[in-house]
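Novice: From the sequence below, what's the structure:
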Amino acid sequence: MIRFTDKWTDYAVLATGDGYKLERWGEITLLRPDPQVIWGANYDMFSDPRIDAVYRRSEKGGGAWEYRRKIPDEWNVCYRDLTFKVKPMGFKHTGLFPEQAVNWDRTAALVKNAGRKIKVLNLFAYTGGASVALAKAGAEVTHVDAAKGMVERAGENARLSGIESGIRYIVDDCMKFVQRELRRGNRYDAVVMDPPSYGRGPGGEMWKIETGLYPFVKLCASLLTDDPLFFLINSYTTGLQPAVLSNLLTLCLAGRKGNIEAYEVGLPTEEGIPLPCGAGGLFTNER
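Specialist: Have a look, this model is predicted:
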């Protein structure tokens with residue numbers, strides 16, 4: 001089952017095919033590679049007159065942006081009452097994963113309906129989509145990412161969304177931060193994590209999701225309060241099925257009362273087919 005939101009107005013997937021997706025970000029149209037798009041295109045997408053910029057892959061690895069028109073260095077897009085800054089970045093990124101809006105809505109609703117103040121730990125938190133959505137819903141959020149520039153961008157997104165307090169920003173290796181929080185005796189009502197397939201911490205720490213995720217989820221489970229609200233794992237790693245995330249939550253949260261959901265995350269397209277964008281695993285303890 002693929003879950004997605006149809007509430008975006010500033011973002012849309014216009015077309016897909018031949019390893020690419022054509023997207024509208026506000027008034028800017030980008031053509032970017034997508035490894036999930038293994039089907040053929042209905043037309044020559046590179047000749048589409050709407051394109052403002054294309055991310056071209058390089059045979060040597062990586063790639064670069066090719067601009068068809070002059071566009072702003074960065075611009076804003078809105079989702080409901082949230083505002084985010086986006087820009088063409090390295091490795092085809094824009095600084096936002098719009099498919100995650102389905103998880104923002106789900107977890108924000110949990111916070112709003114909790115009837116108590118909720119402390120959330122957001123790990124591998126990137127530019128803060130989840131942090132902003134949860135803080136807007138009333139949570140106290142600790143936002144942790146090893147990349148200083150991404151944490152600074154998260155602060156900009158929060159301010160654009162009218163959030164001046166409620167988020168604590170931490171530039172650190174996520175594993176080391178969690179270990180310190182455990183020693184300090186700090187606990188959280190909810191955890192969100194969006195781990196990369198591979199990565200390095202600020203001190204050169206290596207991360208590989210296949211070997212690191214299970215012990216890390218187990219460690220993070222120790223940070224939960226006695227009455228946790230939710231635990232969300234996002235994954236973009238190819239081949240990591242939703243059932244894997246469900247199994248991790250089942251094993252690591254054994255003894256906790258609640259429900260576990262596992263699902264694909266995706267985006268609707270103007271072609272009428274869903275675009276798969278990863279997997280989600282969610283433990284909830286709703287009243």
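Novice: can you pull the contacts of Arg80?
Specialist: Shown in contact with Arg80 (CB atoms under 8 Å, 6 or more residues apart in numbering): Lys7. In short, each C-beta sits where N, CA and C put it, glycine included.
Novice: typed the wrong thing, it's Trp104
Specialist: Counted by CB under 8 Å, 6+ apart, Trp104 has contacts Tyr79, Leu82, Gly129, Ala130, Ala133, Leu134.
Novice: what does Trp75 give?
Specialist: Trp25, Gly26, Glu27, Ile28, Lys85, Val86, Lys87.
Novice: Could you do Thr83 as well?
Specialist: Thr83 makes contact with Asn76, Val77, Asn157, Leu160, Ser161, according to CB under 8 Å, 6+ apart.
Novice: Counting neighbours, which of those residues comes out on top?
Specialist: Ranked by the number of neighbours (other CB atoms under 10 Å), these place Asn157 first, at 24 neighbours.
Novice: okay, that one: pLDDT?
Specialist: Note for Asn157: predicted pLDDT of 98.
Novice: I'd like to know which elements the helix or strand harbouring it is packed against.
Specialist: Per DSSP states H and E, Asn157 falls inside helix 148-160. The elements that helix 148-160 packs onto, with contact taken as 3 or more CB pairs under 8 Å, 6 or more residues apart in numbering; DSSP states H and E, are strand 82-86, helix 129-136, strand 140-145, strand 167-171.
Novice: Let's have the contacts of Trp104 in TSV, adding distance to Leu253, pLDDT and neighbour count.
Specialist: Shown next, in TSV, are these (distance: CB to CB, whole Å; pLDDT from 0 to 100; neighbours: other CB atoms under 10 Å):
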residue	distance to Leu253	pLDDT	neighbour count
Tyr79	29	98	23
Leu82	29	98	21
Gly129	24	98	25
Ala130	19	98	28
Ala133	23	98	27
Leu134	20	98	27
